[in-house]
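Asks: Let me see the structure of the following:
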Amino acid sequence: MAPMRAIAALEVGGPDVLQLQDGPDLHPGPGQLLVTAHAAGVNFIDTYRRAGIYPMTFPHIVGSEGAGVVSEIGDGVSPHLLGTRVAWTDAPGSYAEQVLVSAERALPVPDGVGDDLAAAAPLQGLTAHYLATSTYPIAQGEWALVHAAAGGVGLLLTQLIRARGGRVVATVSTQAKAELAMAAGAESVIRYDELTSLTQELPDLVRQLSSGGVHVVYDGVGRATFDASLASLRPRGVLALFGGSSGQVPPFDLQRLNTGGSLYVTRPSLGAYVATREELLARSSDLFARIADGSLSVRIGARYPLAEAAQAHRALESRATTGKVILDM
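Replies: Numbers count the residues shown, from 1 in each chain. Below you'll find the predicted structure:
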């Protein structure tokens, strides 16, 4: 049998440090599944780990998200899982043809959800789900500002907000992305590439479009948008800062929350919203059910063969992609 192939980051650096190699011979330990992977999700956190922003041991096999079929089980795992389709968000070494996945964290994939969508949806879909339903449970008629609305989380988040009766002002960087955001349900789109000053002009536009300011800002961009996000809120509004694709937000004076009208800022993360098996399955089953019945559309903006993982990272980091980037095995 030929050895399985995997993408390793050989050292800290840019996409060029990613190399296709023969991977280790894997066998599941107690509570684990060995999965024959069909596709892997490509995420910004993979680039952060590759670049050394997040501490990692080098070399390491990259990736944490994917989908495939269970081919072997470890001790303590139900034999009924053999041959079933699963997806995951947090299995190290997912840019590989075989992946070890914790049975406790595996997501059952229903019929009607293809392998590519199963690999594309978990991380961004569960993030959008907890933001719209738990971090700030958007209500009928409430206004939300969604940054990077044509990205993977942004498109899903916009759809979920609209499904709950919320109204969306979206920010994007190109006309093509504006059209995607509108198709997902945004009522208004702001092209921040057309603004002279994001911090000064964006809040004025948001307030005009949302009758005085939004109830919530879902901000995964971070440093570049944080000040504008705060200024776009109406009194007692919530800024949910769930990422930092432009860089991390520096410390700021909490008095700004007072002068802005008793504002709230939270820094949520997916792990805190799927901490138990029960909550993980509740969110994933709802997410996959929406995908299966067609009420939630997952856009795969780019796909690459496993061997071209470096090119996938270049595309993601250059903001050249929309929706989700995946690797096909």
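
Asks: So which other helices or strands are in contact with the helix or strand hosting residue 309?
Replies: Using DSSP states H and E, the element containing residue 309 is helix 309-317. Using 3 or more Cβ pairs under 8 Å, 6 or more residues apart in numbering; DSSP states H and E, the elements in contact with helix 309-317 are strand 18-22, strand 32-42, helix 44-50, strand 300-305, strand 324-328. Every residue, glycine included, has its C-beta placed from N, CA and C.

Asks: Need the ones you listed in CSV (columns: distance to residue 186 and mean neighbour count).
Replies: Compiled in CSV, the helices and strands packed on helix 309-317 are given as follows (distance: least, Cβ to Cβ, whole Å; neighbours: other Cβ atoms under 10 Å):
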stretch, distance to residue 186, mean neighbour count
strand 18-22, 34, 16
strand 32-42, 24, 25
helix 44-50, 22, 20
strand 300-305, 17, 17
strand 324-328, 18, 24
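
Asks: Which residue ranges of this protein form helices?
Replies: For the chain, the helices identified by DSSP state H occupy 44-50, 115-120, 122-130, 152-163, 175-184, 198-209, 226-231, 255-259, 270-273, 277-293, 309-317, in order along the chain.

Asks: Quick one: closest of the helices and strands packed on helix 309-317 to residue 109.
Replies: Distances from residue 109 to each of those were compared using Cβ to Cβ; the minimum, 10.2 Å, belongs to strand 32-42.

Asks: averaged over its residues, what pLDDT does the closest one have?
Replies: Confidence over strand 32-42 (mean pLDDT, whole number) is 98.

Asks: Quick one: residues contacting residue 108.
Replies: Residue 108 makes contact with 84, 85, 86, 281, 284, 285, according to Cβ atoms under 8 Å, 6 or more residues apart in numbering.

Asks: Relative to residue 40, how far out is the one residue sitting closest to the centre of the chain?
Replies: Among the residues of the chain, residue 124 comes closest to the average C-alpha position under Cα atoms, centre = their mean, at 2.7 Å. With distances taken as Cβ to Cβ, to the nearest Å, residue 124 is found 13 Å from residue 40.

Asks: Check residue 187 too.
Replies: 34 Å.

Asks: With residue 268 instead?
Replies: With distances defined as Cβ to Cβ, the gap from residue 268 to residue 40 amounts to 25 Å.

Asks: repeat for residue 73
Replies: Relative to residue 40, and taking Cβ to Cβ, residue 73 is found at 21 Å.

Asks: how about the helices of the chain, which one is nearest residue 242?
Replies: In terms of Cβ to Cβ, the element of these nearest to residue 242 is helix 122-130, at 6.6 Å.

Asks: what is the rounded mean pLDDT of that closest one?
Replies: Per-region confidence: helix 122-130 scores 97 on mean pLDDT.

Asks: which other helices and strands contact it?
Replies: Of the remaining helices and strands, those touching helix 122-130 by 3+ Cβ pairs under 8 Å, 6+ apart are strand 32-42, strand 65-73, helix 152-163, helix 270-273, helix 277-293.

Asks: Could you measure from residue 139 over to residue 262?
Replies: Residue 139 sits 19 Å away from residue 262 when distances are taken as Cβ to Cβ.

Asks: Redo the helices of the chain as a markdown table? Include distance to residue 68.
Replies: Listed next are these as a markdown table, based on distance: least, Cβ to Cβ, whole Å:
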| stretch | distance to residue 68 |
| --- | --- |
| helix 44-50 | 18 |
| helix 115-120 | 7 |
| helix 122-130 | 12 |
| helix 152-163 | 20 |
| helix 175-184 | 28 |
| helix 198-209 | 41 |
| helix 226-231 | 38 |
| helix 255-259 | 45 |
| helix 270-273 | 21 |
| helix 277-293 | 15 |
| helix 309-317 | 17 |
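
Asks: So which of the ones you listed is nearest residue 217?
Replies: Using Cβ to Cβ as the measure, helix 226-231 is the one of those that comes nearest residue 217, at 4.3 Å.
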